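> Sequence isn't available, so here's the structure alone:
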């Protein structure tokens, strides 16, 4: 019996040896790199440079590019890029274009001093976010089109592993490089961000070594003979109409869940690094904790999330992830009361990364299951944009909230933001069950 189970388990792991699953690790790394560089790591740099908390909070609005990417997603889905599309294919052409812009904008951030040229830094941060968001639109479509629904879980697992490692590299890695670099503070951060720009080259290398996925027959790249109006309708309207047609009024519940699922950790995340700095933790201490315990617990969380989702289902794992994401914010509130406590920092960061790993795998698997492959880039961009719009907008006021409530009150408030999410997960699960039952009834043969 145990031998049979072991053989079944080994057979299940074979999917991770698929070349596309391996490529997804490197593409996931490319996707995860820019977020913290315009979000958390940049906030540490600005705080060290004397930028006030309100400005740091408002600077996080650069991340709204990820929330607004649905606006230009139809172009990524359908519009060919001269020369590149003919040589590389639809998805790879957009990936290479976005990744090239990403490398250039990161280098621009590296050469800018936020203390004296804050507006220039803001422009480069927005350019980095825009390039990263465009890369994600093309990459999500590439992943969805590269395998069956059953293979998506494995693709997501390797993608998430690469994504999380990139976030750790962009967070703890950048801090460690800045701490180790000799010379002025500006020179240290310049070295760190140039290293990040060099790391972003992993993306185009992976794309050039990857095949173009097979195109769905329903999708047309070129503008139809009917003219631009018909093309805009096909590219920008049909993907959204398809979503509402498939889910009916339950689509509103789904969109509300997507809009709020990550609200507690995104709003909290902007102030995490300024919080560490204000408590007196050095760059070396924060980097060491994130690099060791953060890496381990994030990977454990991603693996546990995948296993738990298989065992108890995606919706129950979503609920578990929502509970853990809100609860771990209370640990940050406790750390604010304890002050400079390395042991408690290790515990807090470890628990937070474990929760994030579990929640992210389940949530991305849920979003992928909502997507129609005929409109993969546009629909997935819609979902991920809705996911970030409200949290990113509220995160812009996080600095003002800290100045008003203090760190303890702020982290407690962000934990409370996660409570309504639990009810939305339950409602979405009910809607999923009813839609599944309705579809099953419609497929039954009707009596003559």
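Nice, I can see it. As the structure is a computational prediction, the values presented were derived from the model and not from experiment.
> now stretch 397-416: how far from the chain's centre is it?
23 Å (Cα atoms, centre = their mean, to the nearest Å).
> Tell me the buried residues in that stretch?
By neighbour count with 16 or more other Cβ atoms under 10 Å, stretch 397-416 contains the buried residues 397-399, 401-402, 407-408, 410-415. In this view, the C-beta of every residue, glycine as well, is placed from N, C-alpha and C.
> Ok, stretch 111-118 next?
Of the residues in stretch 111-118, 112, 114, 118 count as buried by neighbour count, 16+ other Cβ under 10 Å.
> Show the average pLDDT along that stretch.
Mean pLDDT, stretch 111-118: 89.
> what do you get for stretch 41-57?
So the average pLDDT for stretch 41-57 ends up being 85.
> Then stretch 353-373?
On average, the pLDDT along stretch 353-373 is 81.
> Check which residues of it are buried.
Under 16+ other Cβ under 10 Å, the buried positions of stretch 353-373 are 353-368, 370-372.
> if I look at residue 385, how far off is residue 140?
To residue 140, residue 385 is 11 Å away according to Cβ to Cβ, to the nearest Å.
> Where does pLDDT dip in this structure?
Where the chain drops to pLDDT under 70, the residues are 1-18, 147-154, 182-183, 215-232, 234-236, 291-292, 373-377, 436-448.
> Need the phi and psi values for residue 117.
phi -130, psi 60 (degrees, to the nearest 10).
> got a list of what it touches?
Neighbouring residues of residue 117 by Cβ atoms under 8 Å, 6 or more residues apart in numbering: there are none.
> picking up where we left off before, next step: the buried residues of stretch 397-416 restricted to helices.
With DSSP state H as the criterion, helices contain 398-399, 401-402, 407-408, 410-415 from among the buried residues of stretch 397-416.
> mind putting those in TSV, distance to residue 424 included?
As requested, those are exported to TSV (distance: Cβ to Cβ, whole Å):
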residue	distance to residue 424
398	22
399	27
401	23
402	27
407	28
408	27
410	23
411	22
412	21
413	19
414	17
415	16
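> hmm, back to that, look at residue 385 and residue 140 and report which has more neighbours.
Counted by other Cβ atoms under 10 Å, residue 385 and residue 140 do not tie: residue 140 has more neighbours, with 27 against 24.
> Outside of stretch 55-62 itself, list whatever touches it.
Under Cβ under 8 Å, 6+ apart, the answer for stretch 55-62 is 38-39, 42-43, 46-47, 51, 118, 122, 125-126, 128-129, 270-271, 274, 392-393, 395-401.
> got it, and stretch 293-305?
157, 160-161, 164-165, 168, 171-172, 317, 321, 346, 349-351, 353-362.
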